[in-house]
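**Q** heads up, no residue letters with this:
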């Protein structure tokens, strides 16, 4: 497989990951049971001072989820744009960097979240790393 195709596959996988994450991040307050609803209520209820403002754990949780939507969109766009730049020497290095980043992200997702998210990031990361290994400097 050519680097261009590998990077486009990685881009599409990360775009699908973004869609799934967006549904989860924006719907995290929809508790599946009473126990989870109680935890969410506690996260929203307990305020504490942080950097000169009143904050809750729920605010941080929601903010991290929303920020990650933008990170995933950025990854998808970068991978797609890189796929069209096979002649650019910087593309090979960026493929390596993004591939390593997505593999690390997959490990974190597996440990802290769930396997489907981890598998998607891992496959996209492996595609980027394979593209890195196949770049020859010629247009692909």
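**A** Everything's here; your move. Bear in mind the structure is a predicted one, so any value in this text is a computation, not a measurement.

**Q** so what's residue 129 closest to, chain neighbours aside?
**A** By the measure of C-beta to C-beta, 6 or more residues apart in numbering, the closest residue to residue 129 outside its immediate chain neighbours is residue 99, 3.7 Å from it. Heads up, the C-betas are built off the backbone N, CA and C, glycines and all.

**Q** just give the number of residues close to the one you found.
**A** Around residue 99 there are 24 other residues, counting by other C-beta atoms under 10 Å.

**Q** check contacts around it.
**A** 125-129, 131-132 (C-beta atoms under 8 Å, 6 or more residues apart in numbering).

**Q** looking at the residues you listed, which are in helices?
**A** Judged by DSSP state H, those include 125-129, 131-132 as members of helices.

**Q** which residues of the chain fall in helices?
**A** Per DSSP H, the chain carries helices over the ranges 3-26, 34-45, 57-83, 89-112, 115-134.

**Q** want to throw those helices into JSON lines with mean pLDDT and distance to residue 51?
**A** Below are the helices of the chain laid out as JSON lines (pLDDT from 0 to 100; distance: least, C-beta to C-beta, whole Å):
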{"stretch": "helix 3-26", "mean pLDDT": "96", "distance to residue 51": "23"}
{"stretch": "helix 34-45", "mean pLDDT": "95", "distance to residue 51": "18"}
{"stretch": "helix 57-83", "mean pLDDT": "96", "distance to residue 51": "12"}
{"stretch": "helix 89-112", "mean pLDDT": "95", "distance to residue 51": "24"}
{"stretch": "helix 115-134", "mean pLDDT": "96", "distance to residue 51": "30"}
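
**Q** lovely, talk soon.
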